[in-house]
Structure formats: C-alpha cells, structure tokens
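Asks: sequence and predicted model, in that order:
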Amino acid sequence: MSDSVHRLVNELRHLLDGEVLDDRYTLGMYATDASIYQIEPKVVVFPKHVQDVRDALAVASKYQVTILPRGGGTSLAGQTVGSSMVLDFSKYMNQVLEINQQERWVSVEPGIARDDLNALLQPLGLHFAPDPATSSRANIGGMVGNNSSGTKSILYGKTVDHLLEATVMLADGTELVLSAKSPEAYSAIANSQGREAEIYEKFRALIANNEDLISKGFPKVMRRVGGYNLDEFINTDQWNLCKLICGSEGTLAVSLEFKLNLEPLPKHKSVCVVHYAQLLEAIQAVEPMLTFSPSAVEILDDVVVRLSRENLTTRRHSHFIEGDPAAILIVEFYGDSEQEVLDRAQAMIADQKERGFGYAYPLFPEGKDYEDVWVIRKKGLGLMLGLKGKKKPLPFIEDAGIPSHYLPEYIDRVLKVCKKHQT
C-alpha cells in the first residue's frame, strides 16, 4: 500500500462512524462483481449516515481518489469495480424512510434490496415494479445507477420511469434534491447563485445546443440504457434532473435518498410456456405475442433447459418442460380476474398454433406451478456461470436493446458469428 493510500485510510477511520476496510480479503472480494472484470479498490467504506458520505467524499477529494458507489454488486458490465474508494450502502444506509400508500410512493435509502422493499410493500397492495433477475440482491441505488428494467419492462418500463425524486451529493459535498420542475421553477434555480444554479444553467444550455443531435442520434428503443438519459429532456418542458442521475452509474453524484413511484400489485396472473423445436422459430414468435399485452416474455434456450433438468436444486421445478425443446418462451399475463388472464393466454396460444409456432403450450394460473416456471428463469444465469470445466460462458453482449421487428435477423446473425468462431 502506498503512503498516500495509508494516510487516506487512517483519515477515514478517524472521521467516520461507519466501517473502513482495507484488508486483503475485503479488497479481494470487492475487486469483483457479477461481471467478468476484476479491479482491486483502494479502500471499502460502509457509511452509516449522510455525514459519513460527506466526510468520505472530502477525503477522496483531498487524496485525488475516485469515488465508486456500490450496492449489491450484481452489475454484469463491470460498473461496480475500480481502483477507487468504494462506498457500499447495503450494510447501513438501507432503510425505508416513508411510505405514502394513498399517493403511491416510497422514500428509501440506496442500500435496500429491491425484494426486501417489496416485501414491506406487499401488505399494502403495492410494489416497486422494475424487476431485474437479481432482484433479491440488487439494491435500489444500483437499480437507479444502472436504470434497471427486468422481465416486466414491456409493461412497466425502466427504473427511470418510476424515479420521482433523488437526493444526491456532488464530489464537492454539495447536496441537491432533484425533482420535477416547471419551466418557471427551473429558470428560477438556473438564474440564481451557487453550484446548483450553475448546474441547472449549463445543463439547459447543453440540451438547447444539442437538441437535434439528441433527437436523431439516440436509439428509438424502449430499453435503451447506454449513456446519460439526455433524451428525457427533449420534447418536454417538464424537467426532472433525477432522470439524469438514473443510468449515470454513480459518475455524476452519490445518491443518498430516492422517492419512487409504486404500482398496484396485479390482482391475477398466469404464465404460458411455449415450446419450440427451433431457436429462431421462438424468436420469430415474439412479435405476434406482443399484441396480446403480456406482462413479460422471456426466452430460455436448450442449454439452460438442459442444465435446469440436470441440476439438483432446479430439477424438481422443471417438471413443466415437455419433450426436448430448442427453446421455450415464458409468457406472463396480468389482469383483474383469473378468467381474463387465462382467456388472453388461450387467445395467444390459438394465434401461435395458427401461425405454426410451437409444439406444447402448458398454461398455469398463479400457484406452485406458476412459481416453478419463474424459479427456472431466475436460476438460469447462475447455472450457466456454474458450468464445470475450463470453458466458461462470458456475457460479451449484455442486455442488447433490439426493436422486436429486427430481433430474428439480429439473433440469426449473432449465432452465425458465434458459429464462425466455434463459440
């Protein structure tokens, strides 16, 4: 350890109420996340409160060390590893601060896991809707940083669509509350004095000077989460700078608190598992399905199906798989009555049969079989990463956003590239 890092660590320990760790075991653990990358941090800090965060940022600035906010470490593209001061909010800053059932919103600290939050909201008939596959570990702070979506994105969209307000701290210790602003309110802040005014004014100029470029250059796909959300600030005069924080991966500010929109829990659910003899047949079947307004459409290929049947922990959940499919599509429906969610699924099945898609269509209302289907979906990535042998799967294309019309062509070309390289 260099002398400057040693002094940094000692100063943090003197100032903070939270934990400051720099032992080899901790640094080794935090050198990794769910991605393929490995970069050892300089120190790991578990702040207990906002003052800890402010003091940690001041020390980082003094020693010119970069700041890396981190939650559950479930990112798949290396967002939570770096030669930085890691701030882990999951241990202490993980509380629900306020719930407003009538107005359907909740205020939380960044370290709370998504499923833990929803367990508290369930008795109220509400939930935070974005649901990444790692929802049992993914922290809300990480979901905001990543602009996560999940299996229900065709119904609920992305995290940015549910973020109402964010309290953040800049690298210089400035604390901002970012919320929706009318043009008049935004101008009032931009025309005042101080750091907040400077940010509001310069950001307004940036959008004004590049509006056409943003409009033409940003991809027109719903699940676009690459880069800053500048497209949230065109074609509207109602600006909310928390939309810029969402998806910024902690590069603009450290988040301290979020106000989140909540959705009513679905009254009834069903799931249909459509089996296909060919992978590209399953891909081609997706777009027609969307006309029946499913809440989710998820694909599992023959590798995940085979591993699910072989693995001791998932074998008993895979009873619904019939024959030897090259792929299955898990198609879920939400509705106000059990009959509605079954009728829409049956209509979709009839349409699939008419188009010549699929060979088996087991359909389950909410219950044990329904839960078994989603267990297999959620365990899929872990089974892939746990394959024995020297060869390991690497997620070199992670969450690509493709217009559904082009999906069959895109998948076909990707598979041909993989085959060419014997991968």
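Replies: Cool, got the structure. Because the structure is a prediction, the values reported are computed rather than measured.
Asks: so where's this protein shaky on pLDDT?
Replies: Applying pLDDT under 70 to the chain flags residues 1, 395.
Asks: could you point out the longest helix of it?
Replies: Determined from DSSP state H, the single longest helix within the chain is helix 195-217.
Asks: which element follows it toward the C-terminus?
Replies: On the C-terminal side of helix 195-217, the nearest following helix or strand under DSSP states H and E is strand 239-240.
Asks: what's next to the longest helix of the chain, contact-wise?
Replies: Helix 195-217 is touched from outside by 170, 172, 174, 176, 186, 189-191, 230-231, 233-235, 241, 244, with contacts defined as C-beta atoms under 8 Å, 6 or more residues apart in numbering. All C-beta spots, glycine's among them, are computed from the backbone N, C-alpha and C.
Asks: most surrounded residue in those?
Replies: Ranked by neighbour count under the definition other C-beta atoms under 10 Å, the contacts of helix 195-217 are headed by residue 241 with 25 neighbours.
Asks: spatially nearest residue to that one (excluding sequence neighbours)?
Replies: The shortest distance from residue 241 to any non-neighbouring residue, by C-beta to C-beta, 6 or more residues apart in numbering, is to residue 178 (4.2 Å).
Asks: so the one you found lies in a strand, does it not?
Replies: Yes. Under DSSP: H, G, I helix; E, B strand; the rest coil, residue 178 falls within a strand.
Asks: wait, it sits on residue 245?
Replies: Yes. Residue 178 lies in contact with residue 245 (C-beta atoms under 8 Å); the separation is 6.5 Å.
Asks: so how far is residue 160 from the residue nearest to residue 241?
Replies: For residue 178, the distance to residue 160 equals 13 Å [C-beta to C-beta, to the nearest Å].
Asks: and the helices in the stretch 301-423 of the chain, which stretches?
Replies: 302-310, 338-355, 368-385, 407-420 (DSSP state H, counting those that start in this stretch).
Asks: how distant is the third one from the center of its chain?
Replies: It stands for helix 368-385. Distance, stretch centre to chain centre, for helix 368-385: 18 Å (C-alpha atoms, centre = their mean, to the nearest Å).
Asks: mind listing residues that contact that helix?
Replies: So helix 368-385 is contacted by 133, 151, 269-271, 273, 298, 300, 303-304, 307-308, 311, 313-314, 317-320, 330, 364, 392-393 (C-beta under 8 Å, 6+ apart).
Asks: then the shortest one?
Replies: Contacts of helix 302-310 with the rest of the structure, by C-beta under 8 Å, 6+ apart, involve 279, 300, 314-315, 317-318, 321, 324-328, 376, 379-380, 383-384, 387.
Asks: show me which positions of that helix end up buried.
Replies: For helix 302-310, burial by neighbour count (16 or more other C-beta atoms under 10 Å) applies to 304-305, 307-308.
Asks: sorry, back to before: residue 178 and residue 160: who's more crowded?
Replies: residue 178 (24 against 21).
Asks: report the contact partners of the more buried one.
Replies: Residue 178 makes contact with 165-168, 240-242, 244-245, according to C-beta under 8 Å, 6+ apart.
Asks: out of those residues, who's nearest residue 93?
Replies: Nearest to residue 93, judged by C-beta to C-beta, of those is residue 167 at 11.7 Å.
Asks: the closest one belongs to a helix?
Replies: No. Counting by three-state DSSP, residue 167 is not found in a helix; it is strand.
Asks: mind listing what it touches?
Replies: So, once contact is read as C-beta under 8 Å, 6+ apart, residue 167 ends up touching 175-178, 255-258.
Asks: from residue 265, how far out is it?
Replies: With C-beta to C-beta as the criterion, residue 167 and residue 265 are 27 Å apart.
Asks: do residue 36 as well
Replies: Here residue 36 is placed at a distance of 36 Å from residue 265 (C-beta to C-beta).
Asks: kindly supply the ChimeraX command isolating those of the contacts of helix 302-310 that are buried.
Replies: Filtering those down to the buried ones (16+ other C-beta under 10 Å) takes a single ChimeraX command:
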select :279,300,314,317,318,321,325,327,328,376,379,380,383
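Asks: looking at the contacts of helix 302-310, which are in strands?
Replies: Residues from the contacts of helix 302-310 lying in strands, with DSSP state E as the criterion: 300, 327-328.
Asks: any chance of TSV for these, columns distance to residue 203?
Replies: Output for the ones in strands among the contacts of helix 302-310, formatted as TSV (distance: C-beta to C-beta, whole Å):
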residue	distance to residue 203
300	42
327	44
328	46
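Asks: re the thing from before, what do residue 178 and residue 245 both touch?
Replies: Joint contacts of residue 178 and residue 245 (C-beta under 8 Å, 6+ apart) are 166, 168.
Asks: about what we covered before: which pair in the contacts of residue 178 spans the largest distance?
Replies: 167 and 244, at 14.2 Å, using C-beta to C-beta across these.
Asks: what's in contact with stretch 46-53?
Replies: 16-21, 45, 56, 87-89, 91-93, 169, 175, 254, 256.
Asks: now a PyMOL select for only the buried ones of those.
Replies: Buried members of the contacts of stretch 46-53, defined by 16+ other C-beta under 10 Å, are picked up in PyMOL with:
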select buried, resi 16+18+19+20+21+45+56+87+88+89+92+93+169+175+254+256
